[in-house]
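Asker: Dropping a prediction and its sequence here:
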Amino acid sequence: MFRIFADPFNTAGLVIDLQMGGGFKFDVLDVKKNKNVVLKCPEEIYELIALIGTTPRYTVTRVWRARDDLVCATTSTTKLSLIAGKYVGKDDPAS
C-alpha cells in the first residue's frame, strides 16, 4: 500500500497528477493492541514507514484520498497467532 499511494519514486502520478497531489491518509492497525492511527502522507511519511516497518505488529487496513476522503483501497488479514495464542499456521487473508 505504501509503494502505491505514498512512494513518489514508484508512482510518478503522486507528483504530477493533481488528483493525487494532495496525498493520501493511511489507517494503520496495531494488531496486538487492536488500535488504529491515521497518518497523512506526504506530511507523516516517516512515521508511517516507522510503523509499517514492524510488519508483525502493524498493518495498513485502509487508504483514502486526503482531499475528499475517497476510499482507494482496503485490506484484511487474520492474525492466527493472536487468535489462538500461539502460532498455528500462516496468516491468511480474511474471507
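Answerer: Perfect, thanks for sending it. Numbering: from 1, shown residues only.

Asker: For the residue nearest to residue 32 when sequence neighbours are not counted, the count of nearby residues, please.
Answerer: Spatial nearest neighbour of residue 32, excluding adjacent residues (C-beta to C-beta, 6 or more residues apart in numbering): residue 57 at 5.6 Å. In this view, the C-beta of every residue, glycine as well, is placed from N, C-alpha and C. For residue 57, the count of nearby residues is 14 (other C-beta atoms under 10 Å).

Asker: For residue 57, report the pLDDT, please.
Answerer: Looking at residue 57, its pLDDT is 87.

Asker: repeat for residue 79
Answerer: With respect to pLDDT, residue 79 has a value of 63.

Asker: What distance do you get for the spatially closest residue to residue 74 that is not a sequence neighbour to residue 15?
Answerer: Leaving aside its chain neighbours, residue 74 sits nearest to residue 62 (4.9 Å; criterion: C-beta to C-beta, 6+ apart). To residue 15, residue 62 is 23 Å away according to C-beta to C-beta, to the nearest Å.

Asker: Residue 21 now?
Answerer: For residue 21 relative to residue 15 (C-beta to C-beta), the value is 7 Å.

Asker: Looking only at neighbour counts, state which of the two leads.
Answerer: The neighbour comparison of residue 21 against residue 15 (other C-beta under 10 Å) goes to residue 21, with 13 against 10.

Asker: Would you confirm that that one contacts residue 11?
Answerer: No. Counting by C-beta atoms under 8 Å, residue 21 does not reach residue 11; the two are 11.7 Å apart.

Asker: circling back: quick check: the residue nearest to residue 32 vs residue 51, distance?
Answerer: 8 Å.

Asker: Then residue 38?
Answerer: Going from residue 38 to residue 51 by C-beta to C-beta gives 11 Å.

Asker: can you give me the helices in this structure?
Answerer: Assigned by DSSP state H, the chain shows helices spanning 2-5, 13-16, 45-52, 80-84.

Asker: Reformat the ones you listed into a markdown table and put distance to residue 34 next to each item.
Answerer: Shown next, in a markdown table, are these (distance: least, C-beta to C-beta, whole Å):
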| stretch | distance to residue 34 |
| --- | --- |
| helix 2-5 | 22 |
| helix 13-16 | 31 |
| helix 45-52 | 15 |
| helix 80-84 | 9 |
